[in-house]
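>>> no FASTA, just this:
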């Protein structure tokens, strides 16, 4: 049962309700040339799950375990070796933008494989405390990886969010998972969160604008979000700029940084002016919710340290109230070998 002032991060726990149906749903137009690695990994996982049987959490758990075993370097190399020369050239062309972008995140393109390149996807939510999840390759898990996407948003509430979920165990009732998301609060707000057995157990908060001058909080703006996960270290980027480095073995901070003042660009339209005033009116409530989340995370961290090494991942959207649209474009997943 939801309460009116429930911390928004609690809403994210509901995202795993849909994890039970994370079966492979590749788009009909997706060819082997576009995602050769995904096809091999996904096929292996599907075959193993069909032998396990079960529904609900049992199926979600089976998917996670099966994919964790199948998504290894041997499988991806086999998929690449099976391509003829023409397909290999086409694949090289498709993944070229990924290869070019990886060095911005300190990642050597030669030290891993492209797992998938995603078609544009939109999560459209309307109402109070709504949530949504998307990934056409839901059976593919990741340990060390880079995940990136252009996120275009339209949100009414400052705490409505768009972002990624990763290293999730697929448990719909008491999930273990990490999340990174961005909201329009203040001049833009980025958060890393972790849940252990369904409880918020770690939080890090950042204001991207302090490092990334190109970050834009206005509606219909597009910002590129990227997450680099290596062992217990999680780096988060917006628009190619490093915003924060999270060590998941460390507890949450004792306090939150003060939010910067909301800025309105010159020549704002009447709609932007109204939106600006709406965000200002929501600020005090937002700060109170953030403080409550941090206090809860500190209490829970003492008993449940959130350290996860592998799991499911995907795009997410959450609407605190009103209408929220999260559009993900130019998205891809790169698996880092270690």
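Structure's in. What do you need? The structure displayed is predicted, hence computed values, not measured ones.

>>> alpha carbons only for contacts and neighbour counts from here, please
Fine.

>>> each with direction, which strands does the lengthiest strand in the chain pair with?
Counting by DSSP state E, the longest strand found in the chain is strand 323-336. Sheet pairing of strand 323-336 (DSSP bridges) gives strand 112-118 (antiparallel), strand 121-126 (antiparallel), strand 145-155 (antiparallel).

>>> sketch out the low-pLDDT regions of the stretch 101-250 of the chain for me.
Scanning the stretch 101-250 of the chain for pLDDT under 70 picks out the ranges 158.

>>> let me see the ranges of the helices in it.
With DSSP state H, counting those that start in this stretch, there are no helices along the stretch 101-250 of the chain.

>>> what ranges do the strands span in it?
Per DSSP state E, counting those that start in this stretch, the stretch 101-250 of the chain carries strands over the ranges 112-118, 121-126, 130-134, 145-155, 161-168, 177-183, 189-196, 199-206, 222-230, 233-238, 241-247.

>>> can you list these in TSV and add mean neighbour count and distance to residue 300?
Output for the strands of the stretch 101-250 of the chain, formatted as TSV (neighbours: other C-alpha atoms under 10 Å; distance: least, C-alpha to C-alpha, whole Å):
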stretch	mean neighbour count	distance to residue 300
strand 112-118	21	34
strand 121-126	19	30
strand 130-134	21	24
strand 145-155	23	27
strand 161-168	26	18
strand 177-183	25	14
strand 189-196	24	8
strand 199-206	24	5
strand 222-230	22	23
strand 233-238	21	20
strand 241-247	17	17
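
>>> next, format those as JSON lines and append distance to residue 279.
Converted to JSON lines, these look like this (distance: least, C-alpha to C-alpha, whole Å):
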{"stretch": "strand 112-118", "distance to residue 279": "32"}
{"stretch": "strand 121-126", "distance to residue 279": "18"}
{"stretch": "strand 130-134", "distance to residue 279": "19"}
{"stretch": "strand 145-155", "distance to residue 279": "10"}
{"stretch": "strand 161-168", "distance to residue 279": "14"}
{"stretch": "strand 177-183", "distance to residue 279": "11"}
{"stretch": "strand 189-196", "distance to residue 279": "13"}
{"stretch": "strand 199-206", "distance to residue 279": "18"}
{"stretch": "strand 222-230", "distance to residue 279": "18"}
{"stretch": "strand 233-238", "distance to residue 279": "21"}
{"stretch": "strand 241-247", "distance to residue 279": "23"}
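
>>> quick one: which of those strands is nearest residue 318?
Minimum separation from residue 318 across these (C-alpha to C-alpha) falls at strand 130-134, 4.3 Å.

>>> what helices or strands is that closest one leaning on?
The contact analysis (3 or more C-alpha pairs under 8 Å, 6 or more residues apart in numbering; DSSP states H and E) places strand 130-134 against helix 8-13, strand 121-126, strand 312-319.

>>> related to what we said a few turns ago, now what about the longest strand of the chain, what contacts it?
Contact with strand 323-336 is made by 98, 111-127, 142-156, 160, 162, 315, 317-318, as judged by C-alpha atoms under 8 Å, 6 or more residues apart in numbering.

>>> hmm, back to that, any chance of the helices and strands packed on strand 130-134 in CSV, with distance to residue 265 too?
CSV is the format used below for the helices and strands packed on strand 130-134 (distance: least, C-alpha to C-alpha, whole Å):
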stretch, distance to residue 265
helix 8-13, 28
strand 121-126, 27
strand 312-319, 25
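
>>> pick the most deeply packed of these.
Greatest average neighbour count among the helices and strands packed on strand 130-134 goes to strand 312-319 (a mean of 27), per mean count of other C-alpha atoms under 10 Å.

>>> quick one: mean pLDDT over it.
The pLDDT scores in strand 312-319 average 93.

>>> note down every partner strand of it and its orientation.
If you go by DSSP bridges, strand 312-319 pairs up with strand 130-134 (antiparallel), strand 161-168 (antiparallel).

>>> got CSV for those, with distance to residue 258 too?
Below are those laid out as CSV (distance: least, C-alpha to C-alpha, whole Å):
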stretch, distance to residue 258
strand 130-134, 27
strand 161-168, 19
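
>>> who touches stretch 181-189?
155, 158-164, 190-192, 205-209, 215-218, 259-263, 279, 283, 286.
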